[in-house]
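J.: Below is the sequence, then the predicted model.
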Amino acid sequence: MASNAVCPFCFQRIDSSRLWYQCLGRGNTECKKEADEAREQLTKSTRETYPTFPPPERVAGAAFCPTCGGRTNLRACPQCHTALPSDFGDSRSPMIGLVGSKGSGKTVLMTVLVKQLKDVVGKRYDAAIRLATDNPDGLQGLSDYQARREAPLYKDRVLPPTTNQMAARGHAAPLLLRWQQETTRLGRTSVRSTLLSFVDTAGEDLNDVQTAFTLKYLSVCDGLIVVLDPFALPGARARLNLPDAAVDVDDDAPLDVVNNITEMLKVDHEIKKRRKLTLPVAVVFTKIDAFFPALNRGNPLMAATPTVAGYDNADGLAVHEHVLALMHEWNAQDIDTHMRLNYADFRYFGVSALGAEPDYETRTVAAGGVRPHRVEDPVLWLLSKAGTVRAA
Ligand SMILES: Nc1nc2c(ncn2[C@@H]2O[C@H](COP(=O)(O)OP(=O)(O)OP(=O)(O)O)[C@@H](O)[C@H]2O)c(=O)[nH]1
Ligand SMILES: [Mg+2]
Ligand SMILES: [Zn+2]
Ligand SMILES: [Zn+2]
């Protein structure tokens, strides 16, 4: 039976019951690792792998490589020939898009979010949350990911450089996380697996509505995290005392970004002018730590994420309302107007990936290190919609 899925690497719709195989190089004759033309065309990846081949008829488990005869159970995308996580075929795999304006804090947020999910949220849910592929974010393997993304931020306390535009870096490999959890239904326990896919886009890609990649990516996402930079709002900035080095974007970029995303989605989903978009959108204001001194102690934005193993809807709504109040203070109601007119299902979030203001000039994380504040909220909300996370 054909079952529809989306390849997290090339964003094409594929039949997950007819996945291809990728050789593991275990045959009697030598099989060579090579770049793959289809993969390069669809994902810009020139990574060399053993050959990929279509499934022989009536094979369910392992198959044998037609070139070297070696046995393999590694599955791959029929379109872009990229190896897929072992349980791709039988797990739910919601795609969560992470988009936002330049300098809004996407790279820091994604790095911190992944670590927070692995180290903290997993324990809370009694779930195993792990990177699911050997090429996270285009890097070669988990240790490379840790060395290039996590260590600089957590150990050396340096902020990442700006993410290259897709055109320059050529390859926007998504980061796949597998969320594995035991569930009990009608007295029977089984392990349920969900794959989450995030792509860190460069800010500039969004300003260019024609960026085909972004369009294709947005069109297959089941939910979106739209990252907005409060420092780009003059009304918010007026309440802070920010050094020049902290401000990296043009004024009002947040509304432009939201507008661009809406335009792209509407074209793609062929939505009539008067209809609202139905995919859930988490609108996330980053760098909320800069506003801590001005917020009341009782403000839910100041409190940590509730530590229950479920999405706390009442807490989420309280945060939503308080962020909305801040938007009014910041004179940014137009963003809310836009959201109400165009989306049927959205919620506001305020997060701080770092937990305290960095030294913007030297690009150094504060002395206390990275202390994530509410970074997991948007993902938990989106996953509660997908049914992975219980709403409490
Ligand atoms: N106060 C505060 N500043 C932050 C935080 N996260 C990021 N920043 C600031 O925002 C800057 C940009 O962060 P990035 O994560 O590189 O932003 P980005 O959206 O990936 O930027 P591009 O890749 O250029 O599009 C950082 O250099 C910090 O100055 C945070 O949690 N708190
Ligand atoms: Mg970046
Ligand atoms: Zn082979
Ligand atoms: Zn693919």
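T.: Yes, it's here. Ligands and ions are numbered 1, 2, ... in the order given.

J.: Please enumerate the helices of the stretch 151-300 of the chain.
T.: Counting by DSSP state H, counting those that start in this stretch, the stretch 151-300 of the chain has helices at residues 151-154, 166-169, 203-207, 212-220, 234-237, 253-268.

J.: Output the below-cut-off pLDDT ranges for the stretch 251-392 of the chain.
T.: 251-252, 268-273 (pLDDT under 70).

J.: Within range of ligand 2, give me the residues from this protein.
T.: Residues of the chain lying close to ligand 2 by Cβ under 5 Å from the ion are Thr107, Thr163. (Each C-beta comes from the backbone N, C-alpha and C, glycine too.)

J.: how about the residues of the chain that lie near ligand 4?
T.: Cys7, Phe9, Cys10, Cys77, Gln79, Cys80.

J.: Could you rerun that using 8 Å?
T.: 7-12, 14, 39, 42-43, 77-82 (Cβ under 8 Å from the ion).

J.: re the thing from before, okay if I get the helices of the stretch 151-300 of the chain as TSV plus distance to Ile96 and mean neighbour count?
T.: Listed next are the helices of the stretch 151-300 of the chain as TSV, based on distance: least, Cβ to Cβ, whole Å; neighbours: other Cβ atoms under 10 Å:
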stretch	distance to Ile96	mean neighbour count
helix 151-154	21	16
helix 166-169	18	14
helix 203-207	16	20
helix 212-220	11	17
helix 234-237	26	17
helix 253-268	14	19
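
J.: between those helices, which one is nearest to Asn331?
T.: Closest to Asn331 of these, according to Cβ to Cβ: helix 234-237, at 3.5 Å.

J.: pull the CA atoms of that closest one into PDB?
T.: The C-alpha trace of helix 234-237 is given here as PDB (Å, rounded to 0.1, in the frame of the first residue of the first chain):
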ATOM      1  CA  PRO A 234      11.700  50.500  17.300                       C
ATOM      2  CA  GLY A 235       9.100  50.500  20.000                       C
ATOM      3  CA  ALA A 236      10.700  47.700  21.800                       C
ATOM      4  CA  ARG A 237      14.200  49.000  21.400                       C
END
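
J.: Any part of it near ligand 1?
T.: No - under the criterion of Cβ under 6 Å from any ligand atom, helix 234-237 makes no contact with ligand 1; the nearest approach is 12.1 Å.

J.: Packing partners of that helix?
T.: Under the contact criterion of 3 or more Cβ pairs under 8 Å, 6 or more residues apart in numbering; DSSP states H and E, helix 234-237 touches helix 313-329.

J.: Swap in 6 Å and give it another go.
T.: Applying 3 or more Cβ pairs under 6 Å, 6 or more residues apart in numbering; DSSP states H and E, one finds that helix 234-237 contacts no other helix or strand.

J.: outside of that helix, which residues touch it?
T.: Residues outside helix 234-237 that contact it (Cβ atoms under 6 Å, 6 or more residues apart in numbering): Pro230, Phe231, Asp251, Trp330, Asn331.

J.: Quick check: the residue of the stretch 1-150 of the chain at minimum distance from ligand 2 vs ligand 3, distance?
T.: Here the stretch 1-150 of the chain gets closest to ligand 2 at one residue, Thr107, 3.2 Å apart by Cβ to the ion. As judged by Cβ to the ion, to the nearest Å, Thr107 and ligand 3 stand 37 Å apart.

J.: what about the helix or strand hosting that residue, near ligand 1?
T.: Per DSSP states H and E, Thr107 falls inside helix 106-116. Yes - residues of helix 106-116 contacting ligand 1 under Cβ under 6 Å from any ligand atom: Lys106, Thr107, Val108.

J.: Most neighbours among those residues, which one is it?
T.: The most crowded member of the residues of helix 106-116 next to ligand 1, judged by other Cβ atoms under 10 Å, is Lys106 (27 neighbours).

J.: May I see the buried residues of stretch 315-323?
T.: Asp315, Gly316, Val319, His320, His322, Val323 (16 or more other Cβ atoms under 10 Å).

J.: quick one on the thing from earlier: taking the contacts of helix 234-237 together, which two end up most distant?
T.: Phe231 and Asn331 (14.2 Å).

J.: out of those two, which sits in the busier spot?
T.: Phe231 (24 against 12).

J.: Could you double-check that that one sits in contact with Val247?
T.: Yes - at 5.4 Å, Phe231 counts as touching Val247 under the criterion of Cβ atoms under 6 Å.

J.: Could you tell me whether Ala5 really is in a strand?
T.: Yes - the assignment for Ala5 by DSSP: H, G, I helix; E, B strand; the rest coil puts it in a strand.

J.: I'd say it and Ser16 touch.
T.: Yes - taking Cβ under 6 Å as the definition, Ala5 is a contact partner of Ser16 at 4.0 Å.
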